[in-house]
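Student: A predicted structure for the sequence below; I have some questions about it.
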Amino acid sequence: MPHTPAQIESLVIDIVCRMVLPPTIVTKQSRLREDLHLDSIDRMSLAIDLDDAFGITVHDEPLLTAMTVDDLVQMVNLSLDDRAAA
């Protein structure tokens, strides 16, 4: 099922919110390490959740270099575009 950009953004934010302790407000501008305190292990769990939610394969390099939630949204969009083009 195709996702709209707003749906992708909302779902990525929801997934990130579930990982953040203590619960906090997550926006597209939230920084993964500085604001949300996600380490590399958290990012690997995030990759699994994004894989499951969108049916994509999240590669290590873009995931580990993502700085903000918006970077994750863009990464998901690119992966969905690549899948659609294949």
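Tutor: Good, I have the coordinates.

Student: residue nearest the middle of this structure, spatially speaking?
Tutor: Centroid check for the chain by CA atoms, centre = their mean gives Leu72 as the closest residue, at 3.9 Å.

Student: which intervals of the chain have sub-threshold pLDDT?
Tutor: 1-2 (pLDDT under 70).

Student: do that again at 90, thanks
Tutor: Residues of the chain meeting the criterion pLDDT under 90: 1-3, 21-24, 59-60, 81-86.

Student: where do the helices sit along it?
Tutor: 5-19, 40-54, 60-65, 69-85 (DSSP state H).

Student: so for Lys28, which of the ones you listed sits nearest?
Tutor: helix 69-85 (4.1 Å; CB to CB). Every C-beta, even on glycine, is put in place using the N, C-alpha and C of the backbone.

Student: one step back: residues touching the residue nearest to the centre of the chain, list them.
Tutor: The contact partners of Leu72, by CB atoms under 8 Å, 6 or more residues apart in numbering, come to 12, 16, 32, 46, 50, 63, 66.
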